[in-house]
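Chemist: curious how this folds, go ahead:
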Amino acid sequence: STYLESESVQQHLSYIPNIETHTRDSHRFPEFLRFGIRCLQTMSIVALFISNLAAIGASDSSPYFPHFHPRLHTAHNNDPNGPFFFNGVYHLFLQQTFPWSTVSSGGIGWGHLASTDLAHWYEISTFTGFSSDGFVPGKWLDPEFGNVSGYFSGSVTIVNGEPRAVFPTVFASEPGCAGVSSPSCHMEYQMSTPTNLSDPWLAEWSQPVTIVRSTQGPQPHSWVWEDPAGAWENPALPGQWLFIGQTTVNGSVLLTTWSSRNGSDWTAGFDYVDSFFPGTGDARCPGEACGGCCPSFVNGRQFSATNTSSHLMYDCGNTYWMGQYKASATKQEFVPSGIEQSIDAGGQASASKGFWTNDGRYIHFTWIHGGDDAAVESVSGVANASGWDSMLSVAREMQLDADLNLMTLTPVLELDTLHGALLYTNDSDTVVAPGVYPLPTAHGNSLDIEVNFTWQGNVPAGVIAGLEILTGKDGESTAVYIRAESLVSATLEANLSTSSLLRPLPESPFMVGVDMGGGDYDTVHVPPGSDAHACQARCVADPKCDAWTQVIRGSPTGSADCIKKSATHAPPTPNKLCTSGCVQHCENRSHFGPANSVINATLPLKTAEAVLQLRVLVDTSVFEAYAQGGRAQLLSRVYPDYAKTAGADRGVSLSYSRPIGCAYDPTISIKVWSMDRGNIPGHPRWRP
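Modeler: Take a look at the predicted model:
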């Protein structure tokens with residue numbers, strides 16, 4: 001009954017014509033027809049309910065579907081959008097395809113998750129098949145621009161006590177725009193707000209209104225307005241709100257600033273070239289060219305009260321710049337300090353977003369790529385859920401390590417609420433000699449593992465200490481470890497050589513049936529039957545193009561998108577709808593694959609450190625590894641061959657080695673917990 005009374009279902013009922021309202025003599029309307037209409041309505045709701053339960057069941061039945069990483073239970077998910085905290089609830093929007101929308105082939109919009117603890121995530125918007133949020137392509141006809149083909153990545157900022165979502169909306173300026181990148185589309189920045197602030201879940205949002213038109217800002221720009229960052233209030237002019245957006249002019253990615261005196265009416269800030277990044281000589285991010293920059297400026301706040309250069313700017317390739325923010329009533333400047341940092345190594349994470357909590361924490365999410373998870377079935381023979389891929393990272397807290405002047409990332413403390421049984425622990429005084437030690441009771445496919453290796457003096461150079469996870473009886477495993485190279489430097493590494501059933505492929509100039517996600521910066525929609533070699537030629541002719549993908553999608557049937565990609569793109573993965581290739585330096589790729597299965601991240605050590613710390617989260621087909629309190633991070637998808645062990649739980653082993661001549665060994669402290677489910681299907685109102 002609570003399901004049938006929910007707003008989303010009532011909205012669905014409104015899609016079924018009520019014949020009585022169109023009958024002049026409704027009081028004489030035959031009762032048997034009234035009964036028939038009610039039966040039709042009920043049957044429609046029941047069918048919708050069952051179909052969505054089936055979709056959720058199909059995804060949950062896959063051994064690769066994550067248990068506690070945030071994602072919706074159906075469809076493609078990608079970029080986190082507009083996370084924020086409001087009235088006791090954390091909200092997390094994310095990009096999602098909507099195959100039931102009125103847009104051909106389904107459009108992309110915003111799915112909506114919510115949580116009271118950053119660990120248990122409820123689906124707010126998609127369980128019934130009709131989103132109540134309003135961020136589903138085709139729900140509304142815009143009064144000015146007509147049909148909406150998609151809502152792309154954006155942000156949410158609380159202005160005067162009201163959450164305000166800002167995002168690029170795709171409109172079909174002529175036939176052929178199908179919710180994907182296409183020259184027959186154009187974008188406007190739009191804004192939406194909750195319609196009922198007393199609802200803690202904020203399920204209903206207003207029809208978006210245009211705040212920045214494509215005719216504003218730098219001209220002539222591409223048809224795309226990209227990924228606006230979260231807004232912030234100008235400290236030099238209280239009441240003025242600012243956000244950064246992105247577009248392309250003459251092949252260069254430009255960052256544009258926009259301002260508003262009330263958070264509703266916006267004007268262009270035309271100081272986008274040498275004002276926000278003075279002296280760079282162009283309008284791209286500081287340092288190397290960003291490709292698709294997806295800029296995020298951390299809300300005008302610094303991470304240290306005493307360090308004025310601890311403001312943070314980052315792009316969708318997860319490169320971060322620290323610097324000083326200079327604000328005035330007429331000009332905004334971000335002056336990089338020269339500190340540049342890459343986070344979430346492994347080549348499978350991008351498009352980060354974060355927000356400040358009321359207690360002063362900066363909470364951070366990133367998109368973990370997945371390729372086509374349905375393709376696992378064709379490789380392994382394991383029945384898998386078609387139509388879902390990718391996920392988000394767990395919620396992490398970002399902090400400044402003042403000693404090393406770098407940003408750290410660690411899973412939020414609230415994630416411990418998902419701990420189930422303590423599967424293994426040991427005496428912290430145990431001395432471990434070189435070798436591999438299976439932990440007899442530490443079995444599971446969803447685990448939280450913490451281990452410390454402690455020496456009497458400094459961590460010796462040359463030691464390798466870590467874990468083997470997801471180990472099977474056939475020897476298949478994933479090794480995650482710290483390699484200490486000197487007293488002040490190390491690397492966090494993972495060896496996937498025997499772990500990945502669906503391994504990313506080595507890159508070559510022309511690969512049929514292969515996708516490379518992320519890094520998109522220029523897209524052309526091409527007719528059915530278009531030769532992918534023409535897409536390859538577009539990339540070769542562009543000095544900035546690092547790789548390309550042609551993917552069959554959109555309207556008319558059989559047409560495709562030809563996409564140019566920057567160097568931030570993900571490793572190749574099988575996808576029968578795609579043809580891809582690399583253009584520059586194919587032979588020097590660091591992406592892992594059969595010939596190169598090690599991924600790594602730089603890990604600085606402090607002087608006289610005696611402990612190596614490692615935490616690894618394992619979740620069926622993904623792991624997140626954090627070393628030395630989050631100074632280095634590795635995120636990667638892995639696909640164990642669950643078919644060989646009939647889905648049995650995988651094991652964990654401790655691994656340690658030391659160089660010849662090293663005469664002393666560490667003590668260890670290790671704990672392994674099982675993890676309960678954090679992805680909870682269904683709106684919280686529908687649960688007991």
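Chemist: show me what Ile482 is bridged to.
Modeler: Here Ile482 shows beta-bridge partners Ala465, Leu492, assigned using DSSP bridges.
Chemist: burial check on Ala433, number of neighbours?
Modeler: Using other C-beta atoms under 10 Å, Ala433 has 10 neighbouring residues. Placement of C-beta: from N, CA and C, glycine included.
Chemist: distance of it from Thr471?
Modeler: 20 Å (C-beta to C-beta, to the nearest Å).
Chemist: run through the residues that contact the residue most central in space within the chain.
Modeler: Nearest to the centroid of the C-alpha atoms of the chain, with distances taken as C-alpha atoms, centre = their mean, sits Trp367, at 1.9 Å. In this structure, Trp367 makes contact with 77-80, 94, 349-352, 390-393, judged by C-beta atoms under 8 Å, 6 or more residues apart in numbering.
Chemist: out of the residues you listed, which are inside strands?
Modeler: Asn77, Asn78, Asp79, Pro80, Leu94, Ala349, Ser350, Ala351, Ser352, Met391, Leu392 (DSSP state E).
Chemist: so what's Trp548 closest to, chain neighbours aside?
Modeler: Cys539 (3.9 Å; C-beta to C-beta, 6 or more residues apart in numbering).
Chemist: what is the helix or strand harbouring the one you found packed up against?
Modeler: For Cys539, the element it lies in under DSSP states H and E is helix 532-540. Counting contacts by 3 or more C-beta pairs under 8 Å, 6 or more residues apart in numbering; DSSP states H and E, helix 532-540 packs against strand 520-526, strand 547-552, strand 560-565, strand 572-582.
Chemist: any chance of the ones you listed in CSV, plus mean pLDDT, mean neighbour count and distance to Tyr122?
Modeler: Listed next are the helices and strands packed on helix 532-540 as CSV, based on pLDDT from 0 to 100; neighbours: other C-beta atoms under 10 Å; distance: least, C-beta to C-beta, whole Å:
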stretch, mean pLDDT, mean neighbour count, distance to Tyr122
strand 520-526, 87, 21, 31
strand 547-552, 91, 25, 32
strand 560-565, 90, 24, 33
strand 572-582, 80, 23, 30
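Chemist: looking at the ones you listed, which is nearest to Ser206?
Modeler: Proximity to Ser206, assessed across those by C-beta to C-beta, is greatest for strand 520-526 (29.4 Å).
Chemist: returning to that earlier point: now do the helix holding Cys539, average pLDDT.
Modeler: For helix 532-540, mean pLDDT is 93.
Chemist: ditto for stretch 465-473
Modeler: On average, stretch 465-473 scores 87.
Chemist: next, the buried residues of that stretch.
Modeler: Within stretch 465-473, the residues scored as buried using 16 or more other C-beta atoms under 10 Å are Ala465, Gly466, Leu467, Glu468, Ile469, Leu470, Thr471, Gly472.
Chemist: tell me which element the fifth one falls in.
Modeler: Applying DSSP H and E as the criterion places Ile469 in strand 464-471.
Chemist: mind checking how far the strand or helix carrying Gln341 is from the chain centre?
Modeler: Assigned by DSSP H and E, Gln341 falls within strand 332-342. Mean-position distance between strand 332-342 and its chain equals 23 Å (C-alpha atoms, centre = their mean, to the nearest Å).
Chemist: give me the helices and strands touching it, please.
Modeler: strand 311-314, strand 319-327, strand 406-411.
Chemist: just name the most buried of those.
Modeler: Ranked by mean neighbour count, those are led by strand 311-314 with a mean of 25 (mean count of other C-beta atoms under 10 Å).
Chemist: mean confidence for that strand?
Modeler: On average, strand 311-314 scores 78.
Chemist: same thing with stretch 318-331?
Modeler: Mean pLDDT, computed over stretch 318-331, is 82.
Chemist: how many residues are close by Pro438?
Modeler: For Pro438, the count of nearby residues is 12 (other C-beta under 10 Å).
Chemist: convert the C-alpha atoms of stretch 248-259 to PDB, please.
Modeler: Taking Å, rounded to 0.1, in the frame of the first residue of the first chain, the C-alpha atoms of stretch 248-259 are listed here in PDB:
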ATOM      1  CA  THR A 248      35.600  24.700 -26.100                       C
ATOM      2  CA  VAL A 249      36.600  27.600 -28.400                       C
ATOM      3  CA  ASN A 250      38.700  27.000 -31.400                       C
ATOM      4  CA  GLY A 251      39.800  23.600 -30.000                       C
ATOM      5  CA  SER A 252      40.900  24.900 -26.600                       C
ATOM      6  CA  VAL A 253      39.100  24.000 -23.400                       C
ATOM      7  CA  LEU A 254      38.000  27.300 -21.700                       C
ATOM      8  CA  LEU A 255      37.000  27.700 -18.000                       C
ATOM      9  CA  THR A 256      34.300  30.300 -17.700                       C
ATOM     10  CA  THR A 257      33.200  32.000 -14.400                       C
ATOM     11  CA  TRP A 258      29.600  33.000 -13.900                       C
ATOM     12  CA  SER A 259      28.200  35.200 -11.100                       C
END
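Chemist: in that stretch, what's buried?
Modeler: Thr248, Val249, Val253, Leu254, Leu255, Thr256, Thr257, Trp258, Ser259.
Chemist: a markdown table for those residues, including pLDDT?
Modeler: Formatted as a markdown table, these follow (pLDDT from 0 to 100):
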| residue | pLDDT |
| --- | --- |
| Thr248 | 74 |
| Val249 | 73 |
| Val253 | 67 |
| Leu254 | 72 |
| Leu255 | 73 |
| Thr256 | 78 |
| Thr257 | 79 |
| Trp258 | 84 |
| Ser259 | 84 |
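Chemist: ok, back up a step: which one of the helices and strands packed on strand 332-342 lies nearest to Gly513?
Modeler: strand 319-327 (30.5 Å).
Chemist: contacts only, for Ile469.
Modeler: Ile469 touches Leu447, Ile449, Ser477, Thr478, Val480, Val616, Val618, Phe623, Arg650, Val652, counting by C-beta under 8 Å, 6+ apart.
Chemist: mind running it again at 6 Å?
Modeler: Thr478, Val618, Val652 (C-beta atoms under 6 Å, 6 or more residues apart in numbering).
Chemist: dihedrals phi and psi, the second one?
Modeler: Spelled out, it's Val618. For Val618, the backbone dihedrals (degrees, to the nearest 10) come out as phi -110, psi 130.
Chemist: so it versus Arg483, what's the distance?
Modeler: Counting by C-beta to C-beta, the gap from Val618 to Arg483 is 20 Å.
Chemist: do the same with the last one
Modeler: When C-beta to C-beta is applied, the distance between Val652 and Arg483 equals 19 Å.
Chemist: for stretch 556-574, C-alpha coordinates in CSV please.
Modeler: This file holds the C-alpha atoms of stretch 556-574, laid out as CSV (Å, rounded to 0.1, in the frame of the first residue of the first chain):
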residue,chain,number,x,y,z
PRO,A,556,18.5,6.9,-36.3
THR,A,557,19.1,3.2,-35.5
GLY,A,558,22.7,2.2,-36.4
SER,A,559,24.1,5.7,-36.2
ALA,A,560,27.1,6.3,-34.0
ASP,A,561,29.1,8.8,-32.0
CYS,A,562,32.8,9.4,-33.1
ILE,A,563,34.5,10.6,-29.9
LYS,A,564,38.0,12.2,-29.5
LYS,A,565,39.7,11.4,-26.2
SER,A,566,42.4,13.0,-24.1
ALA,A,567,45.1,11.0,-22.3
THR,A,568,42.8,10.7,-19.3
HIS,A,569,40.8,7.9,-20.9
ALA,A,570,40.3,4.5,-19.3
PRO,A,571,42.0,1.3,-20.4
PRO,A,572,40.4,-0.7,-23.2
THR,A,573,37.6,-3.1,-22.4
PRO,A,574,35.4,-5.4,-24.6
